Each structure stands twice: as C-alpha cells, then as structure tokens.
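> Quick check, what structure comes out for this input:
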Amino acid sequence: MAARILIIEDDRSIAEILRYNLEKHGYSAASFSDGRRGYESAVKDVPDLVLLDLMLPEMDGLEICRLLRRNYKTRTTPILILTARAEDADEVLGLENGADDYVIKPFKIQTLMARIKAILRRARTESEPSLLISGGLEIDTARFQARAGGQVLELTFKEYGILKFLVKCRGRVLSREKILEEVWGHDESLHTEPRVVDKHIGELRRKLKSAGARIVTVVHSGYRLAEEGEEDLT
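Reported below is the predicted structural model:
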C-alpha cells in the first residue's frame, strides 16, 4: 500500500510540483492551501507524513505542529517543514513545536524525495523487542510509545528515535554522527548538521523532567544514557 503524504502549502505551484513528484515516486498525495483545513484533514484521515509550510492562511505551521502533537491520533506522525524562512531561530521554533525535520526553500526535489524515503523507512515497524526497559524508562516499539515513571511521553518522531537508541545502547557513548545515522538515516545524515542532535536532546531532556538528567553529555564525544542513580562524573 502506498504511503499517504499530506501537503499543507499555500503556494499552489510548489504544492503541484510536490504532488506530481510524490505520485511519480509511488506515494499517495493530497494537498491543502489553508492551514485549518489541512490540520482537520490530518486528524480525520491520519497520513504517514505531513509536509508543512510555516506561513499559511487561517492557521500557521507552528500552531499546526503543536495541535498535531497534542492530538492522540497524530502525536507520532512525522512532520517535515518546508519554508523560505531560513533564520536559525525559526528552525529551533519548528523543532520545539513538534517538527521532525526542516528543509529550506528552494530545495532540490531529489534531495527532498530522499529525505521523505528515509523518514518513512524509519517509521515502519522494526523487527526488534516490543519493549525496551532501562530503570523507569520504557520504550514500547509495538505502540510507538515511550514512558517515564509510567507516564506516557509526548515525543516527536525524532525524539522518540533518539530515546529508543539511547535506551537500546544504554551505558555506551553515542556520537552525534552515530545518532544522526541511526535516527535520520544514512543518506539524510550526510546533509544534516550534528548540532541538530543537540536541539532534539535538549527538548527530550525537558520532556523527561527529572529522568532527563540520565542523558549525559560526554564532552567532545556525544551522549550516553546513564543508569538510574548513577552520578554524572563527566
């Protein structure tokens, strides 16, 4: 079955180019130029991926990100922002409000298609233990869900992937490059700045609250997940 991709983009020429290329690559695509209608469509018929512009009529992209992450139906749906706003602050806002990736216009369609393919590949069910546990942290891969102290965490696609990788490799130091390759995928990691990992780690720590202290920064090396009660000696 073809993956369903929802395009929320008010520039009709860009939306048409996206839709044409997505369908050419075997995906099913639908598009909306109105932010509110796009959001309502995502909740009514949950897509496999949302391609989202920031500057939209009726409801802007950041608000759509926030609402999609709060809705139980779309909480883990991957969101890829496409925007002409290149400022770093805008990138941080997009990631903090639930976006999983951020692409600046103009972009090469081949590069975008490669990123989409990588995101969808990672989103498929993986053949691994359905429950990963480390102290009070639990990763339920069957439900695509993470819990801390028994409480379900509202994580983005990337945050969930990072936490799962840390739990799976607990105690080991993971470089930013290794995290990028595991969570972003090999092809995409080659074109993604390692500092993006730091932004996602910061947001993940915030959502984990006290358990966030277990994600230890190893200077000049990367990150590792410490055992519960272990002192941070780095």
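> use CA for all of it now, contacts and neighbours both
Fine.
> how near is the one residue sitting closest to the centre of the chain to residue 225?
Among the residues of the chain, the one closest to the centroid is residue 100, at 2.6 Å (Cα atoms, centre = their mean). Distance check for residue 100 against residue 225: by Cα to Cα, to the nearest Å, it reads 22 Å.
> Residue 82 too?
Counting by Cα to Cα - residue 82 and residue 225 are separated by 32 Å.
> swap in residue 8?
As for residue 8, its distance to residue 225 is 37 Å (criterion: Cα to Cα).
> Strands along the protein, start to end?
4-8, 28-32, 49-52, 79-83, 101-104, 131-134, 137-140, 145-148, 151-152, 215-218, 222-225 (DSSP state E).
> Can you add distance to residue 172 and give these back as a markdown table?
As requested, the strands of the chain are exported to a markdown table (distance: least, Cα to Cα, whole Å):
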| stretch | distance to residue 172 |
| --- | --- |
| strand 4-8 | 36 |
| strand 28-32 | 40 |
| strand 49-52 | 32 |
| strand 79-83 | 29 |
| strand 101-104 | 26 |
| strand 131-134 | 13 |
| strand 137-140 | 16 |
| strand 145-148 | 20 |
| strand 151-152 | 25 |
| strand 215-218 | 10 |
| strand 222-225 | 6 |
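> For those, give me JSON lines that also has distance to residue 202 and mean neighbour count.
Output for the strands of the chain, formatted as JSON lines (distance: least, Cα to Cα, whole Å; neighbours: other Cα atoms under 10 Å):
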{"stretch": "strand 4-8", "distance to residue 202": "28", "mean neighbour count": "24"}
{"stretch": "strand 28-32", "distance to residue 202": "32", "mean neighbour count": "19"}
{"stretch": "strand 49-52", "distance to residue 202": "23", "mean neighbour count": "25"}
{"stretch": "strand 79-83", "distance to residue 202": "19", "mean neighbour count": "24"}
{"stretch": "strand 101-104", "distance to residue 202": "16", "mean neighbour count": "19"}
{"stretch": "strand 131-134", "distance to residue 202": "20", "mean neighbour count": "15"}
{"stretch": "strand 137-140", "distance to residue 202": "17", "mean neighbour count": "20"}
{"stretch": "strand 145-148", "distance to residue 202": "16", "mean neighbour count": "20"}
{"stretch": "strand 151-152", "distance to residue 202": "18", "mean neighbour count": "12"}
{"stretch": "strand 215-218", "distance to residue 202": "10", "mean neighbour count": "19"}
{"stretch": "strand 222-225", "distance to residue 202": "12", "mean neighbour count": "21"}
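> Tell me which of these approaches residue 179 most closely.
strand 222-225 (8.9 Å; Cα to Cα).
> May I have the closest one exported as PDB, CA atoms only?
Taking only C-alpha atoms (Å, rounded to 0.1, in the frame of the first residue of the first chain), the coordinates of strand 222-225 have been written out as PDB:
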ATOM      1  CA  GLY A 222      28.500  12.700  22.300                       C
ATOM      2  CA  TYR A 223      25.800  11.400  24.700                       C
ATOM      3  CA  ARG A 224      25.100   8.300  26.700                       C
ATOM      4  CA  LEU A 225      22.200   7.100  28.900                       C
END
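> Please parse the protein into its domains.
What the record gives for the chain is the domain set 4-123, 131-225, from automatic domain parsing.
> Adding mean pLDDT as columns, could you present those in a markdown table?
Below are those laid out as a markdown table (pLDDT from 0 to 100):
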| stretch | mean pLDDT |
| --- | --- |
| domain 4-123 | 88 |
| domain 131-225 | 90 |
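> Would you map the helices across the protein?
Defined through DSSP state H, the helices belonging to the chain, from first to last, are 12-24, 35-44, 61-70, 88-96, 109-123, 157-168, 176-179, 186-189, 195-208.
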